[in-house]
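below is the structure, and that's it, no one-letter string:
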């Protein structure tokens, strides 16, 4: 951490040039200066100065990924700052609304309730009218019936005798409903799902969803950026457990493309 | 989510007929309407309208399972609602008291302290007197000495040289004390332990405890219901990591019964 | 839990003799008496009466391990009590400051921000001046270049094509910077890292760090004590998932020493 003063000054300049992360939202919390000056410097220089400005992943995607990680980990005290940053970075209220609903299913209902409670005052403050948010009933995106039938048959034959309830809810609520809601793109649903799996320490569930993410348009470069970004927000060990899974997915997709 | 208005209306009727979940306790939090109308509809229609009314698992068991999951995940802001719902669904104060104590050992002391802090005002409000709760010293249930000796020998030989402290505390505090406390049935101790393991993302510890749960009287049908219920409260990926373990347990028990 | 009254009385005496854990800091929270008298007794008798006094691991190390576990699990409501206990047990403010910074990287930024927010009023109350804490820029400890080159080559060849960002940040920020900061000994950095991995349920990342901890001076006896201590603060299942990894590390080190 040499030259951190110069570096964090230039970081502030960069951020104000980019215009997407206001100095106030990305400032290090005041407590850091009182308790851990080194952490304050890492936050200013490396996290907000370097990581958030790395073009491998857009600021908008970074804010979705960060929000997904914090919501997954029930870090409710951290949510307001990053909800504001998301809205300031180009995530629409409709997309944030759908992200919360999506991650209710992928990280648990209590996380979603807490996220909605963190977002409600911010939405109100910014004059975001519930009537402008995606309604419960919407025209769903078209479904690839063949791919869904294959997925469903696979799950039914594996787990129908373990919990038919899980199998049925998965089909009815997730793959014939939630994933087809139009106000969050399938690519973004995959992005926040993958981020949630890494943040939750569930690399064993990542193969399906990282493949799906890349089928839905997430590039390998962006996926690499998600891993590097989450090292900071979910911690290094979570990312190092996800790396071999990502490696396998990248390699098996490259092999298939080479055929 | 077609016809969600009709469905949630009928859900309210069902709940009021059942008389166990009052409309106020199972209502969707107000923030959902402001931030995520779709999530509000899923909550009313699917979670409270369908899942909680599925007879595969009783409301009482669902409330224990939900409480265990939330306590395990330190979702302290969600606890009060579900403590009330548990007490309204037939969980006795003594059982809730013992559940908190039990899960101190199975999910960590801090979770139990936070759960006690969430429960204290509700117990006070409802006039539940500490003197009526299970005392620290109680007459323990009889122990199956043979089974315990086998468990202990196994753990001692595997891990005595790794941490004798863990081995000793496990025997003295868990299997010769906690599990024998009479005010929470062994079947219920197992139920909340399995729920905690699924919610914590620890399927690798589930084989022993799901077998123990079924030895203690949990039916396969109820276990299937626990998985479906927890998909909503712990998130789909946690349940999908638990499904292969449940499948193995169900199959190996069926094989043994067939012999 | 027979004779718990006598035992907890003697525990209080022990604690006051030891003089490192004041009765007020280690007292069971009031809510326990109202909700779970058995848990209150276990807390007084077993946790504070026995575990914290077991000489296998010093009180100072126990308080670092507990703090690491709670911070990792974002149990923010539990932090103040154990920050005070750490400062009362011989952890210096500088060490606590560096622990928070260290675990930002190993458990995620939001955990570190919340920990700093919990510590700030305690630091202020005790007159700990930010100017006396380790600065962002410090003279780093010397690096074993050969060992670092081997580690870096290994990670680069495995994961350079997965996420060069992760590989680079790992080298630049962790192994050529954070681990070399002098105000928390490498042995203590390893201690809190191992505790964090156990508490997070990531035994798959423990082999490297437990070996590093023992290379840095943590004894096998102390590591055994960490496992027993964390059974209470992270829950039994987390520790039982860590036991086979610890066993492998202990055995392979013993074999190497025998050669």
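All right, it came through fine. What you are looking at is a predicted structure, and each value in this text was computed from that prediction instead of being measured.

for chain A, give me the ranges with low pLDDT.
Low-confidence segments of chain A (pLDDT under 70): A:1-26.

if we go to 50?
Scanning chain A for pLDDT under 50 picks out A:1-24.

what ranges do the helices span in it?
Secondary structure of chain A by DSSP state H: the helices cover A:4-18, A:23-26, A:30-35, A:37-41, A:59-72, A:76-88, A:93-107, A:109-125, A:145-159, A:164-169, A:186-199, A:206-215, A:220-234, A:236-258.

contact residues of the stretch 151-259 of chain A facing chain C?
A:199, A:201, A:224-225, A:227-228, A:231-241, A:243, A:246-247, A:250 (Cβ under 8 Å from any Cβ of the partner chain). All C-beta spots, glycine's among them, are computed from the backbone N, C-alpha and C.

now a PyMOL select for only the buried ones of those residues.
For the buried members of these, the matching PyMOL selection, counting by 16 or more other Cβ atoms under 10 Å in any protein chain shown, is:
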select buried, chain A and resi 199+201+224+225+227+228+231+232+233+234+235+236+237+238+239+240+241+243+246+250
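
ok now stretch A:117-137, how far from the chain's centre?
Distance of stretch A:117-137 from the chain centroid (Cα atoms, centre = their mean, to the nearest Å) equals 19 Å.

can you count the residues close to residue A:183?
When neighbours are counted by other Cβ atoms under 10 Å in any protein chain shown, residue A:183 registers 18.

gap between the residue found closest to it once you drop the neighbours it is linked to in the chain and residue A:95?
In space, and not counting its chain neighbours, residue A:183 is closest to residue A:134: 4.1 Å by Cβ to Cβ, 6 or more residues apart in numbering or on different chains. Per Cβ to Cβ, to the nearest Å, residue A:134 is found 9 Å from residue A:95.

okay, and the common contacts of those two?
residue A:183 (Cβ atoms under 8 Å, 6 or more residues apart in numbering or on different chains).

buried residues in stretch A:105-122?
For stretch A:105-122, by 16+ other Cβ under 10 Å, it's A:105-120, A:122.

oh sorry, the question was meant for stretch A:165-173
By 16+ other Cβ under 10 Å, the buried positions in stretch A:165-173 come out as A:165-167, A:169-171, A:173.

gap between that stretch and the chain center?
With Cα atoms, centre = their mean as the basis, stretch A:165-173 stands 23 Å off its chain's centre.

give me the contacts around that stretch.
Applying Cβ under 8 Å, 6+ apart, the set of residues contacting stretch A:165-173 from outside is A:105, A:148, A:152, A:155-156, A:159-160, B:42, B:46, B:51, B:54, B:56, B:224-225, B:227-228, B:231, B:236, B:239-240, B:243.

try 7 Å
Contact with stretch A:165-173 is made by A:105, A:152, A:155-156, A:159-160, B:46, B:54, B:56, B:224-225, B:227-228, B:231, B:239, B:243, as judged by Cβ atoms under 7 Å, 6 or more residues apart in numbering or on different chains.

repeat for stretch A:243-258
Residues contacting stretch A:243-258 (Cβ under 7 Å, 6+ apart): A:203, A:206-207, A:210-211, A:214, A:220, A:223, A:227, C:159, C:162-163, C:166.

let's see it at 10 Å
A:194, A:197-198, A:202-211, A:213-215, A:220, A:223-224, A:226-227, A:231, A:239, C:155, C:158-159, C:161-163, C:166-167, C:204 (Cβ atoms under 10 Å, 6 or more residues apart in numbering or on different chains).

please check those and keep the buried ones.
By 16+ other Cβ under 10 Å, these give A:194, A:197-198, A:202-203, A:205-206, A:209-210, A:213-214, A:220, A:223-224, A:226-227, A:231, A:239, C:155, C:159, C:162-163, C:166-167 as buried.

can you give me the end-to-end span of stretch A:123-142?
30 Å (Cα to Cα, to the nearest Å).

quick check: chain neighbours aside, which residue is closest to residue A:156?
residue A:167 (5.6 Å).

please tell me how far the one you found sits from residue A:173.
With Cβ to Cβ as the criterion, residue A:167 and residue A:173 are 11 Å apart.

residue A:160 now?
For residue A:160, the distance to residue A:173 - Cβ to Cβ - is 17 Å.

list the contacts of the residue of chain A most remote from its centre.
Note on chain A: the largest C-alpha distance from the chain mean falls to residue A:161, namely 32.8 Å (Cα atoms, centre = their mean). Residues in contact with residue A:161 (Cβ under 10 Å, 6+ apart) are A:167, B:220, B:224, B:247, B:250-251, B:254.

show the end-to-end separation of stretch A:199-214, please.
19 Å.

mind checking the helices of chain A for the one nearest to residue B:179?
Checking those against residue B:179 by Cβ to Cβ gives helix A:109-125 as the closest, at 27.8 Å.

could you confirm whether that closest one reaches chain B?
Yes - looking at helix A:109-125 against chain B by Cβ under 10 Å from any Cβ of the partner chain, the contacts come from A:109-124.

show me what that helix is packed up against.
Counting contacts by 3 or more Cβ pairs under 10 Å, 6 or more residues apart in numbering or on different chains; DSSP states H and E, helix A:109-125 packs against helix A:59-72, helix A:76-88, helix A:93-107, helix B:30-35, helix B:37-41, helix B:59-72, helix B:76-88, helix B:220-234.

fine by me, thanks again.
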